[in-house]
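>>> dropping a prediction and its sequence here:
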Amino acid sequence: MIEEVILSNLLLNEDYSRKVVPFLRDEYFSQQHHRIIYNLVDEYIKKYNSLPTKEALVIELSSKTGLTEQAFNDSKRAISEFKAGESQLDWLLDSTEKFCQEKAIYNAIMQSISIIDDKSGNMSKGAIPKILQDALGVSFDTSVGHDYLQDSDLRYEFYHRREDRVPFDLSLLNSITRGGLPKKTLNMVLAGTGVGKSLFMCHAAANNLTQNKNVLYITLEMAEEKIAERIDANLLNVSIDELMTLPKPSYDKKIEKLREKYVGKLIVKEYPTATAGSAHFRHLLNELRIKRSFVPDIIYIDYLNICASSRIRPGSNVNSYTYIKAIAEELRGLAVEFNVPIVSATQTTRSGYSNSDVELTDTSESFGLPATADFMIALIKSEDLDNLDQIMVKQLKNRYNDPNINKKFVVGVDRSKFRLYDVEDSAQNDILDGPVFDKTPYGTASSIDLKQKLKGLLS
C-alpha cells in the first residue's frame, strides 16, 4: 500500500516528488512492476526536469525492452490506477522517510547474511559494519543551501546559539577559543622534541575526564600503559617516581575515588607507528560503539606525522607535503563524520626547535598541515622558562577568535605529574608581543647588531 502511495504522489505531486526523488532507490520497492515504474519516473525527471503524465509514462513503458508480458501488463495497470491523493505533504514525507529507512536496514541485513554465507571468500566480512552503518544513516536532508536574505532569522539564531564545546581547565586557552574546542574540528599542537606535546595532550585528556567527558586517546608513539601512567600521575596527584613505589591498596583506593567521582570514560588505544590512519580509527570508533557503548566527546591522536594515510599507499612516490596534508584532511574529515573535536600534534623543523619564537613556517614536513587545521598553537620552552616551571603558548592559527588577542602567554608546568596550571596574572606581564630573536644565524647577527647600537648610545 505505501509503495503505491509513494509512486502515485511521485507522479502527480510535484512538491513531494522534488523532495523525495534524491533519496529513493529502486531496491526499496518489493514488487517488480513498482521498480519498473519508479525507474521510468526517475529517468524522465532527470532527462526533462519535469514530471511525466500518465500517457507519457505508458509510452516510455511501451518502448522499454526486456520486459515480460506479465511485468508490462502489471506496470501499465498500476499507472492507470494512480490518482492524486489528499494526504498532507509533511505526513507523506515522514512516511516515505520511514519506508526508506526500513527498506535500507532490511536490505543491509540481507546483504550481510549473504556475505556471511559466501563460501568462496570473494566478499569480505569486514564490509558488514560499513553496510549497516550506511543503512542506519539513511535520512531525508532537504536542505540545498543557505538563502542569505530569506534565511536571515536562522542566521541570527546561529549567532546567538550556545555552541557545544569541550573546555580546557586553563583560563587563557578557554579565552582564545571562546570557551573550548568546537566539534568537527582539527586542533594541532606544534612543539619540538621533548617540549611537551604528549604532556599537553595527556593533561587535557585527564581534565576532560574530570568534566565527565568520554575521551579516546590514540597513541602511535608510546605504549598504552605509558600514556595511562602519565594520566595516572595527573589524576592521582602523584609523581611518576612515586607511582613506582605506591602500595597497591593505596593505588586501588585512589582509583576507586575516581570511579565514584566521574562518570566519563577514558580509553587509550595503541597502534604501531606509521601503520594506522583514519580508516583504522573509523573502525575502532564503530567497534567501541557496538561492543562498549562508547561514543567519545573528544579524540586525541599522538601524533599526526606518524599516522598513515588511508588514501595514499605507503611507499608511493609522493612528497611529504602531499602525504602529511592528506593525513590532516582525513583526520579532519573523521572529526566531521563523528561530530567530535580531534586534537593532535606535530614536530617543529630543526631550526624551529632552537627558535625562541616559533612560527607556522617551522612546521615540519608539510605546510599543508597548518593550512588544514582549524586551530594551532606552539609550545615553547627555554632555560629561563624551565627555571620558572613555565611553558610558553603561542597562537599560530585560530578560526575561533582573533589570534592577535593573547597571542603569547605562559602556563605553569609540573612535569613530574604531567600537569599544566594557570599562573598568576603578573607572570604574563613579562611576555612581549614584539620580535624575539631566535638562534638562527640571522637572529644571532641581528641581536649582536642591536647590542652594539645600544652600547654606542649609552657611551
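Alright, I've got the coordinates. Numbering: from 1, shown residues only.

>>> contacts, neighbours, all on C-alpha from now
Noted.

>>> in this structure, where is pLDDT below threshold?
119-123, 141-144, 351-355, 430-459 (pLDDT under 70).

>>> rerun at 80
1, 84-87, 118-127, 130, 133, 136-145, 161-163, 314-316, 350-356, 430-459 (pLDDT under 80).

>>> what helix or strand is Lys46 located in?
Counting by DSSP states H and E, the element that carries Lys46 is helix 32-48.

>>> so where do the strands sit in the stretch 351-459 of the chain?
Counting by DSSP state E, counting those that start in this stretch, the stretch 351-459 of the chain has strands at residues 375-380, 390-398, 408-414, 419-421.

>>> that should have said the chain, apologies.
165-166, 181-182, 185-191, 215-219, 266-270, 298-302, 341-347, 375-380, 390-398, 408-414, 419-421 (DSSP state E).

>>> wait, isn't Ala326 in contact with Cys307?
No. Using CA atoms under 8 Å as the test, Ala326 is too far from Cys307 to be in contact (10.5 Å).

>>> which one of the two is surrounded by more residues?
Cys307 (24 against 20; other CA atoms under 10 Å).

>>> who touches the nearest residue to the more buried one once chain neighbours are set aside in this structure?
Ranked by CA to CA, 6 or more residues apart in numbering and with sequence neighbours excluded, the top spatial neighbour of Cys307 is Ala274, at 4.8 Å. Neighbour list for Ala274: 220, 306-308 [criterion: CA atoms under 8 Å, 6 or more residues apart in numbering].

>>> how many neighbours does Val189 have?
24.

>>> from Lys325, how far out is the nearest residue to it once chain neighbours are set aside?
The shortest distance from Val189 to any non-neighbouring residue, by CA to CA, 6+ apart, is to Ala345 (4.5 Å). Ala345 sits 14 Å away from Lys325, going by CA to CA, to the nearest Å.

>>> which stretches of the stretch 201-350 of the chain form helices?
224-236, 240-245, 248-261, 278-292, 320-338, 350-354 (DSSP state H, counting those that start in this stretch).

>>> dump the ones you listed into JSON lines; add distance to Ala191 as well.
Shown next, in JSON lines, are those (distance: least, CA to CA, whole Å):
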{"stretch": "helix 224-236", "distance to Ala191": "18"}
{"stretch": "helix 240-245", "distance to Ala191": "22"}
{"stretch": "helix 248-261", "distance to Ala191": "31"}
{"stretch": "helix 278-292", "distance to Ala191": "23"}
{"stretch": "helix 320-338", "distance to Ala191": "16"}
{"stretch": "helix 350-354", "distance to Ala191": "7"}
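
>>> from what I see, Phe409 and Met392 are in contact.
Yes. Using CA under 8 Å, Phe409 makes contact with Met392 at a distance of 5.7 Å.

>>> quick one: the biggest helix by length in the chain to chain centroid distance?
The longest helix of the chain (DSSP state H) is helix 89-117. The chain centre lies 27 Å from the centre of helix 89-117; the measure is CA atoms, centre = their mean, to the nearest Å.

>>> what of stretch 8-25?
33 Å.

>>> follow-up on the earlier one: tell me the buried residues in the longest helix of the chain?
92-93, 96-97, 99-105, 107-109, 112, 115 (16 or more other CA atoms under 10 Å).

>>> and of the residues you listed, the nearest to Ser239?
Ser112 (50.5 Å; CA to CA).

>>> apart from its chain neighbours, what residue comes closest to the closest one?
Among residues not flanking Ser112 along the chain, Ile128 sits closest, at 5.7 Å (CA to CA, 6+ apart).

>>> same thing with Leu420?
That would be Val413: by CA to CA, 6+ apart, it lies 4.6 Å from Leu420.

>>> contacting residues for the one you found?
Contacts for Val413 (CA under 8 Å, 6+ apart) come out as 389-391, 419-421.

>>> adding neighbour count and distance to Tyr48 as columns, could you present those in a markdown table?
A markdown table is the format used below for the contacts of Val413 (neighbours: other CA atoms under 10 Å; distance: CA to CA, whole Å):
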| residue | neighbour count | distance to Tyr48 |
| --- | --- | --- |
| Asp389 | 16 | 71 |
| Gln390 | 25 | 68 |
| Ile391 | 21 | 65 |
| Arg419 | 23 | 65 |
| Leu420 | 22 | 64 |
| Tyr421 | 15 | 65 |
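
>>> among those residues, which one sits closest to Asn319?
Closest approach to Asn319 among the contacts of Val413 (CA to CA): Ile391, at 33.1 Å.

>>> which residues does the closest one bridge with?
Val411 (DSSP bridges).

>>> isn't it right up against Val411?
Yes. Counting by CA under 8 Å, Ile391 does reach Val411; the two are 5.6 Å apart.

>>> tell me how far Met110 lies from Ile2.
For Met110 relative to Ile2 (CA to CA), the value is 21 Å.

>>> and Leu10, by the same measure?
Counting by CA to CA - Leu10 and Ile2 are separated by 12 Å.

>>> ok, these two, which is more surrounded?
Leu10 (23 against 12).

>>> in contact with the nearest residue in space to that one that is not next to it in sequence, which residues?
Counting by CA to CA, 6+ apart, Leu10 lies nearest to Ser17, which is 4.7 Å off, once chain neighbours are set aside. Neighbour list for Ser17: 9-11 [criterion: CA under 8 Å, 6+ apart].

>>> burial of the residue lying closest to Gln428 once chain neighbours are set aside, as a residue count?
Using CA to CA, 6+ apart and skipping the chain neighbours, the partner closest in space to Gln428 is Phe409 (6.1 Å). Residues lying near Phe409 (other CA under 10 Å) number 22.

>>> now stretch 113-133: how far from the chain's centre is it?
27 Å.

>>> pick the one among the contacts of Ala274 closest to Asn234.
Leu220 (20.8 Å).

>>> you'd agree the closest one is up against Ala308?
No. Taking contacts as CA under 8 Å, Leu220 lies outside contact range of Ala308: 10.2 Å.

>>> if we can go back for a sec, show the contacting residues for the residue nearest to Val189.
Ala345 touches 188-191, 197, 301-305, counting by CA under 8 Å, 6+ apart.

>>> turn these into a markdown table, including distance to Leu136.
Listed next are those as a markdown table, based on distance: CA to CA, whole Å:
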| residue | distance to Leu136 |
| --- | --- |
| Met188 | 32 |
| Val189 | 35 |
| Leu190 | 38 |
| Ala191 | 41 |
| Lys197 | 38 |
| Ile301 | 27 |
| Asp302 | 31 |
| Tyr303 | 32 |
| Leu304 | 30 |
| Asn305 | 33 |
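
>>> how near is the residue nearest to Cys307 to Glu102?
Distance from Ala274 to Glu102, by CA to CA: 40 Å.
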